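Trainee: Can you look at this prediction? I've put the sequence above it.
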Amino acid sequence: MPGIDAGAFEADLKLLEDAALEAGELALTFFGRDPETWFKGNKSPVSEADIAVDRFLGETLRAARPDYGWLSEETADDPIRLQHDRVFIVDPIDGTRAFLAGGDEWTVSVAVVDKGRPVAGAVYCPRRKEMFLAAKGGGASLNKDEITVSDRTETAGALLTGPYSIAANKDVQAAGFEATDVLRSLAYRLAMVACGRVDVGAARGGPSDWDLAAADLLVQEAGGTLTDLSGEQLLYNRAKTRHPALVAAPVQLSGPVRNVLGKLIA
């Protein structure tokens, strides 16, 4: 990205890291305490914890970078964000169902996107005390240790994380993929690919910018790629924020994975 100082990525990353850590601690004050919960129009749950974390992140990040745009799952979308090259994209609690059910894989996911692509991202899993970080051109880390995607080159035997409808699909299993535990945070699912704990992450159509932006950068900086089923990278901060079916994998495995899964999860 010509014209952008690489040091700005690191400054933004530090801001995201600190904010995500504090946001996670705030979320924990609600965890396991039966927070007030209701359902949005798309039937997905939202709780007072989501709103409190969203408010904290909005106040903290926007005060630090008042010239950045803002897009969050729990904030009414303001089209003025489209006038900004650089935008915060936030999911206050990714995996709200896991959070409300007492699971430990929910995350706080925050990113800075510049001209449609993420340049800094943090995915924090408070219950597991795992902080995943990435900056454009600076690699990816888990709790300050460098991470990379797996070196697998064949789909046969590849560990796959995805929703139950994919992981339990007989055709997916017949193709040689080995399913892992279902993770109810998509950002965390992709982080598992970035750190090499699993080989492939998959999602059916419908995820939004806030589910993906930070984790997309993690996968990329760890040596992998997150694409749609045609192999195209994702663009963020567009008028439409939802995305088609996706695959995350090491670069060398991405094509073969898309060839196999493309017919099964579209």
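Mentor: Received, thanks. Numbering: from 1, shown residues only.
Trainee: what about residue 22, distance to residue 104?
Mentor: The gap separating residue 22 from residue 104 is 19 Å, by CB to CB, to the nearest Å. Bear in mind the C-beta positions are built from the backbone N, C-alpha and C, glycine included.
Trainee: can you give me the strands in the stretch 1-150 of the chain?
Mentor: 37-39, 45-47, 69-72, 86-94, 107-114, 117-125, 130-135, 140-142, 145-146 (DSSP state E, counting those that start in this stretch).
Trainee: mean confidence score for the third one?
Mentor: Confidence for strand 69-72, expressed as mean pLDDT, is 98.
Trainee: before we move on, the earlier item: now the strands of the stretch 1-150 of the chain in JSON lines, please, with extra columns for distance to residue 244 and mean neighbour count.
Mentor: Supplementary listing: the strands of the stretch 1-150 of the chain in JSON lines, determined by distance: least, CB to CB, whole Å; neighbours: other CB atoms under 10 Å:
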{"stretch": "strand 37-39", "distance to residue 244": "25", "mean neighbour count": "10"}
{"stretch": "strand 45-47", "distance to residue 244": "24", "mean neighbour count": "18"}
{"stretch": "strand 69-72", "distance to residue 244": "19", "mean neighbour count": "21"}
{"stretch": "strand 86-94", "distance to residue 244": "18", "mean neighbour count": "28"}
{"stretch": "strand 107-114", "distance to residue 244": "18", "mean neighbour count": "30"}
{"stretch": "strand 117-125", "distance to residue 244": "17", "mean neighbour count": "28"}
{"stretch": "strand 130-135", "distance to residue 244": "23", "mean neighbour count": "25"}
{"stretch": "strand 140-142", "distance to residue 244": "24", "mean neighbour count": "22"}
{"stretch": "strand 145-146", "distance to residue 244": "31", "mean neighbour count": "9"}
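Trainee: closest one to residue 203 among those?
Mentor: strand 86-94 (12.3 Å; CB to CB).
Trainee: Report pLDDT for residue 45.
Mentor: For residue 45, pLDDT reads 95.
Trainee: actually residue 174, not the one I wrote
Mentor: So residue 174 comes in at 89 (pLDDT).
Trainee: What is the burial count for it?
Mentor: Residue 174 has 10 neighbours, counted by other CB atoms under 10 Å.
Trainee: Give the residue from residue 22 and residue 104 that has the larger number of neighbours.
Mentor: Of the pair residue 22 and residue 104, residue 22 is the one with more neighbours under other CB under 10 Å, namely 16 against 13.
Trainee: Isn't residue 229 up against residue 254?
Mentor: No. Using CB atoms under 8 Å as the test, residue 229 is too far from residue 254 to be in contact (10.7 Å).
Trainee: Distance check, residue 155 against residue 197.
Mentor: Taking CB to CB, one finds residue 155 at 17 Å from residue 197.
Trainee: between those two, which one's more packed in?
Mentor: residue 155 (19 against 15).
Trainee: check contacts around that one.
Mentor: The neighbours of residue 155, taking CB atoms under 8 Å, 6 or more residues apart in numbering as the test, are 175, 176, 177, 200, 253, 256, 257, 260.
Trainee: Mind doing that once more with 10 Å?
Mentor: 175, 176, 177, 199, 200, 249, 253, 256, 257, 259, 260, 261 (CB atoms under 10 Å, 6 or more residues apart in numbering).
Trainee: same deal with residue 247?
Mentor: Per CB under 10 Å, 6+ apart, neighbours of residue 247: 160, 162, 193, 200-203, 225-229, 231, 253-255, 257-258, 260-262, 265.
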